[in-house]
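Peer 1: Curious how this folds, go ahead:
(one chain, ligands or ions: 2)
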Amino acid sequence: MRLAPRVTNLKASATVEMTERVRAARAAGRKIIGLSSGDPNIATDPRIVDAATKALRDGDTHYVSSNGNPALRDAVAARELLRTGASYAPTDILITPGGKFALLAALMAVVSAGDEVLVPEPGWVSYGPCIQLCGGVPVPLAMLDRIDIDQLAAAITPRTVAIILNSPVNPTGRVLPQDEIAAVVALAERHNLWIVFDQVYSDLLHEGRFCAPQATPEGSARTLVVDSFSKTFGMTGWRLGSLAVPGGLIKSFQRFMQHSVYCVPGFVQQAGEVALSLYDELVPQYREMFRARQTLAAARLDAIPGVTCVAPTAGFYVFPAVGPADAAVSARWLDALDVASVPGSAFGAAGAGHVRLSLSTSDADLVEAMDRIQRLAQQEGASR
Ligand code: PMP
Ligand code: GLU
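Peer 2: Ligands and ions are numbered 1, 2, ... in the order given. Got it, this is the predicted structure:
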């Protein structure tokens, strides 16, 4: 039977596929240290779990509003005001099944067949495929260390409709500074472009101010804000996220929800409300835990001859430079050391020469992984 090129031509997700490989290897008895998946090893707080089970027992087992529960939209808008200063009416927030679906909902609403979307790279593996699913054309642009505004401007054509920005960046952990954000907003204004802003790691910023395009009126008028509970609260499997849109436009985004997943389960949304109410108690601990791991991993990796690693200031990834053969290095770590990672080139050509390690494992396993990588480097150094 014939399948549509829409799916047959789509690249598989390198992050999800690696996680599947790790799962299969573990099922076959191998003890893999999984540093490949952006899935924090945080058990969802029991009070959040209780909220969901109570809601289920109380009968929250029906369809709910396709926009999201008013109370959760309120709480998301309040958190956004605290985080970036951007003021959204709860009616400008759409509750989605995860940030990935928020991204797809955003692109569905603004990308028509043949439209181009600029994607600075290295970047998360799903941006290009989500653009393609909407009939659009991703235009990847190499920007490892900074958003190069001249390069972005030069890539704009009459078909360009949007720029995807992500901060903190997956895979590098880089936090976009205010001048880069302001330059992108000015460029987007000049060319009447949307900014799709993915801030799913913004709660894991170690310190300092988080800069976002929606923080100014000019920016928020053309920004679609993708957010998620996944990384902040260790809730990846719950599938809970949100999309914030400029005032008055929500209807168009809502239609995509209505005709696809309909709504996020009510009991999941009730759990999300409790999660946000516990923000000040829970999130600083998680942030500190990841920061300590990034400091440790970056120092251990940087001490290895031929490897350079700077500790990022956010998130839970490290992105060491390992030399040109990143795919071979990652494969060797998996085959010889039982340490799973993702080659940097999976995040676009600009990520080549790096490996992404997700520090989403126990501290003991992380130290063990670092020991193994160091020993292998010593052996290979000695045999050279
Ligand atoms: N954006 C980025 C940059 C990510 O790394 C992820 C990880 N899955 C997502 C969005 C979406 O996450 P989720 O769908 O679990 O909210
Ligand atoms: N975002 C995470 C990662 O980059 C989870 C997997 C995915 O959705 O890509 O590993």
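Peer 1: Tell me where the stretch 251-384 of the chain has strands.
Peer 2: Under the criterion DSSP state E, counting those that start in this stretch, the stretch 251-384 of the chain contains strands at 317-318, 339-340, 342-343, 355-358.
Peer 1: so what secondary structure elements neighbour the longest one?
Peer 2: Contacts of strand 355-358 with other secondary structure elements, assessed using 3 or more CB pairs under 8 Å, 6 or more residues apart in numbering; DSSP states H and E, are made with strand 317-318, helix 326-337, strand 342-343. For the C-beta atoms, the positions are set from N, CA and C on the backbone; glycine is no exception.
Peer 1: hmm, 6 Å instead?
Peer 2: On a contact count with 3 or more CB pairs under 6 Å, 6 or more residues apart in numbering; DSSP states H and E, strand 355-358 meets strand 317-318, helix 326-337.
Peer 1: Buried deepest among these, which one?
Peer 2: Highest mean neighbour count among the helices and strands packed on strand 355-358 (mean count of other CB atoms under 10 Å): strand 317-318, with a mean of 26.
Peer 1: which residues are contacting that strand?
Peer 2: Outside of strand 317-318, the residues within contact range by CB atoms under 6 Å, 6 or more residues apart in numbering are 171, 173, 294, 297-298, 309, 356-358.
Peer 1: need the residues of the protein near ligand 2, please.
Peer 2: By CB under 6 Å from any ligand atom, the residues of the chain that approach ligand 2 are 13, 15-16, 37-38, 100, 124-126, 170.
Peer 1: Would you list the buried entries among these?
Peer 2: Among the residues of the chain next to ligand 2, those scoring as buried are 13, 15, 37-38, 100, 124-126, 170 (criterion: 16 or more other CB atoms under 10 Å).
Peer 1: circling back to that earlier point, closest to Ala369 out of the strands of the stretch 251-384 of the chain?
Peer 2: With CB to CB, the closest approach to Ala369 among the strands of the stretch 251-384 of the chain belongs to strand 339-340: 4.7 Å.
Peer 1: picking up where we left off before, closest one to Gln270 among the helices and strands packed on strand 355-358?
Peer 2: For Gln270, the closest of the helices and strands packed on strand 355-358 is strand 317-318, at 30.7 Å, according to CB to CB.
Peer 1: what pairs with that closest one, and is each one parallel or antiparallel?
Peer 2: strand 355-358 (antiparallel) (DSSP bridges).
Peer 1: do the strand it pairs with and ligand 1 meet?
Peer 2: No - counting by CB under 6 Å from any ligand atom, ligand 1 has no neighbours in strand 355-358; the shortest distance is 9.5 Å.
Peer 1: What of stretch 256-270?
Peer 2: No - using CB under 6 Å from any ligand atom, we find that stretch 256-270 stays clear of ligand 1, coming within 11.5 Å at best.
Peer 1: Could you identify which of the strands of the stretch 251-384 of the chain is most buried?
Peer 2: strand 355-358 (a mean of 28).
Peer 1: Can you point out the buried residues in stretch 12-32?
Peer 2: By neighbour count on 16+ other CB under 10 Å, the buried set for stretch 12-32 is 13-15, 18-19, 22, 25, 32.
Peer 1: can you redo those residues as JSON lines with distance to Leu118, pLDDT and secondary structure?
Peer 2: JSON lines is the format used below for those (distance: CB to CB, whole Å; pLDDT from 0 to 100; DSSP: H, G, I helix; E, B strand; the rest coil):
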{"residue": "Ser13", "distance to Leu118": "21", "pLDDT": "94", "secondary structure": "coil"}
{"residue": "Ala14", "distance to Leu118": "21", "pLDDT": "92", "secondary structure": "helix"}
{"residue": "Thr15", "distance to Leu118": "22", "pLDDT": "92", "secondary structure": "helix"}
{"residue": "Met18", "distance to Leu118": "27", "pLDDT": "91", "secondary structure": "helix"}
{"residue": "Thr19", "distance to Leu118": "28", "pLDDT": "91", "secondary structure": "helix"}
{"residue": "Val22", "distance to Leu118": "33", "pLDDT": "92", "secondary structure": "helix"}
{"residue": "Ala25", "distance to Leu118": "37", "pLDDT": "91", "secondary structure": "helix"}
{"residue": "Ile32", "distance to Leu118": "36", "pLDDT": "95", "secondary structure": "coil"}
